[in-house]
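*Asks:* test case, fold it:
(one chain, ligands or ions: 1)
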Amino acid sequence: MKKEYHIAVVGATGAVGAELLRVLERRNFPVSNLRALASGRSTGKEVQFSNKPIMVEELGENSFDNIDIAFFSAGGETSRKFVPIARKGGAVVIDNSSVFRMDSDVPLVIPEINGEDVKQHRGLIANPNCTTAVALMAIYPLHRAFGVRRVFAASYQAVSGSGARAIDELKKQVEAAAFATASPSGGGQDRQSLAKVYPHPIAFNVLPHVDVFLESGYTKEEMKMQNEGRKIMHLPEFRASVTCVRVPVYRAHSVAVSAEFDKEVSVEQAREVLAKAPGLELVDEPPKNRYPMPLTVAGKDNCEVGRVRLDCALENGLAFWVSGDQLLKGAALNAVQIAELL
Ligand code: A2P
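*Replies:* Numbering: from 1, shown residues only. A predicted model of the protein is given here:
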């Protein structure tokens, strides 16, 4: 008989947690028992799994008794405190936070790239940063073919990457602007007062930073592509200079990438490589205005790549555009794929 697993989802009421439940269900993951965990604020709430309501429980020290696999998606602080407890209780943890990603004894895995690394786990596997995951889905196959040296990139990140409250914040600001009278600020003041998750209005705006600034002037998020990229691709010399930008899009991140390679590249060869890459679709018909977009990639498992062209400022360079549903490939789907490897 097929083995079934006792599963815990920490952060089950959040944007990623809700997606995790859906992905487990639609991929027929063998779940015998599912525990939905969140903060005390959610006690009494229900989530749906396999057409059945499941009571949300408050996360606590005893939440992991008899759990085989625990998915964590409740922020860094929760992971820092409860991942060790879950491991001690015998669960294998798949953690979506950034807390353990760079620890040398923790595999950081994108199954299409370094699935083999899962074998080295000691009760904890980290899920990569969402923007990094989406970008690497296209960068890695090109690296295999041409040897990547460095990339320059800018991200266009959806608000769902900041969680359920940010989705609500954009919605409220859009409504405030729509109902504002034709004032010079166009409802800007209302939008400012509705800015809670972000320091500025996100509706009809773009924010050129998505998390904390480092001394170097880069943000933490921006350095993840280099740091996590090195670990995932087993490429210690890989360099990435990134500007991460939050845009008023509900779902799916996009990344504009310019990449420099060791070997000479051609657009034709690159397209061939990208078209065959697992988990990726080539959507690249400029004359028909066909290219990847958040609107068309949202809800899809595969990431999409297009706008492939020779980079006019780099040696052996390619420029391209990748979009991917960051709640899926950047979080829930990737986590469930890791569990499938286990
Ligand atoms: P809750 O809904 O009870 O606050 P998102 O990323 O969409 O904001 O979701 C974050 C998820 O993490 C939610 O499920 C949230 O639960 C959960 N969470 C946040 N803080 C804690 C905590 N201290 N303990 C347990 N779960 C938490």
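*Asks:* quick one, what contacts the closest residue to Asn227 other than its chain neighbours?
*Replies:* Nearest non-adjacent residue to Asn227, counting by Cβ to Cβ, 6 or more residues apart in numbering: Met102, 6.2 Å away. Bear in mind the C-beta positions are built from the backbone N, C-alpha and C, glycine included. Neighbour list for Met102: Leu108, Asn227, Glu228, Lys231 [criterion: Cβ atoms under 8 Å, 6 or more residues apart in numbering].
*Asks:* count the residues that sit near the residue nearest to Gly123 when sequence neighbours are not counted.
*Replies:* Counting by Cβ to Cβ, 6+ apart, Gly123 lies nearest to Arg87, which is 4.2 Å off, once chain neighbours are set aside. For Arg87, the neighbour count with other Cβ atoms under 10 Å is 16.
*Asks:* quick one: Arg87 from the ligand, how far?
*Replies:* 17 Å (Cβ to the nearest ligand atom, to the nearest Å).
*Asks:* Val297 too?
*Replies:* Distance of Val297 to the ligand, given as Cβ to the nearest ligand atom: 20 Å.
*Asks:* for that residue, phi and psi?
*Replies:* For Val297, the backbone dihedrals are phi -100, psi -20 (criterion: degrees, to the nearest 10).
*Asks:* neighbours around it, how many?
*Replies:* Look at Val297: counted by other Cβ under 10 Å, it has 26 neighbours.
*Asks:* which residues touch it?
*Replies:* Contact partners of Val297, counting by Cβ under 8 Å, 6+ apart, are Ala252, Cys303, Glu304, Ser323, Gly324, Asp325.
*Asks:* over to Asp311?
*Replies:* Ser258, Ala259, Glu260, Gly317, Leu318, Ala319.
*Asks:* need the pLDDT of it.
*Replies:* Listed pLDDT for Asp311 reads 98.
*Asks:* got the contact list for the closest residue to it other than its chain neighbours?
*Replies:* Spatially, and ignoring its direct neighbours in sequence, Asp311 is nearest to Gly317 (3.1 Å; Cβ to Cβ, 6+ apart). Taking Cβ under 8 Å, 6+ apart, we find Gly317 in contact with Ser258, Ala259, Glu260, Phe261, Val265, Leu310, Asp311.
*Asks:* so what's Gly317 bridging to?
*Replies:* Beta-bridge pairing of Gly317 under DSSP bridges involves Glu260.
*Asks:* let me see the confidence value for it.
*Replies:* At Gly317, the model reports a pLDDT of 98.
*Asks:* sorry, back to before: ok, and of the contacts of Gly317, which contact the ligand?
*Replies:* On the criterion Cβ under 6 Å from any ligand atom, none of the entries of the contacts of Gly317 sits beside the ligand.
*Asks:* which residues of this structure fall in helices?
*Replies:* Taking DSSP state H to define them, one finds helices in the chain at 15-26, 76-88, 111-114, 130-146, 164-179, 188-193, 220-233, 267-276, 294-297, 333-341.
*Asks:* tell me the average confidence for the last one?
*Replies:* On average, the pLDDT along helix 333-341 is 98.
*Asks:* could you do the first one as well?
*Replies:* Taken as a whole, helix 15-26 has a mean pLDDT of 97.
*Asks:* show me where pLDDT drops low in this structure?
*Replies:* Counting by pLDDT under 70, the chain contains low-confidence ranges at 1, 181-190.
*Asks:* residues of it that sit close to the ligand?
*Replies:* Residues of the chain lying close to the ligand (Cβ under 6 Å from any ligand atom) are 11-17, 38-39, 41-42, 59, 74-75, 78, 163-165.
*Asks:* can we see that at 5 Å?
*Replies:* Those residues of the chain that sit near the ligand, judged by Cβ under 5 Å from any ligand atom, are 11, 13-15, 17, 38-39, 41-42, 59, 74, 78, 163-164.
*Asks:* ramachandran angles for Trp211?
*Replies:* Not quite, residue 211 is Asp, not Trp. Asp211 adopts backbone torsions of phi -150, psi -140, taken as degrees, to the nearest 10.
*Asks:* so which residue of the stretch 101-250 of the chain comes closest to the ligand?
*Replies:* Proximity of the stretch 101-250 of the chain to the ligand (Cβ to the nearest ligand atom) peaks at Gly163, 2.6 Å away.
*Asks:* for that residue, give its distance to Ala154.
*Replies:* Gly163 sits 22 Å away from Ala154, going by Cβ to Cβ, to the nearest Å.
*Asks:* quick one: which of these two has more around it?
*Replies:* Just comparing Gly163 and Ala154: by other Cβ under 10 Å the higher neighbour count belongs to Gly163, 19 against 16.
*Asks:* any idea how many residues pack against the residue lying closest to that one once chain neighbours are set aside?
*Replies:* Leaving aside its sequence neighbours, Gly163 sits nearest to Ala15 (Cβ to Cβ, 6+ apart; 5.2 Å). Counted with other Cβ under 10 Å, residues neighbouring Ala15 total 23.
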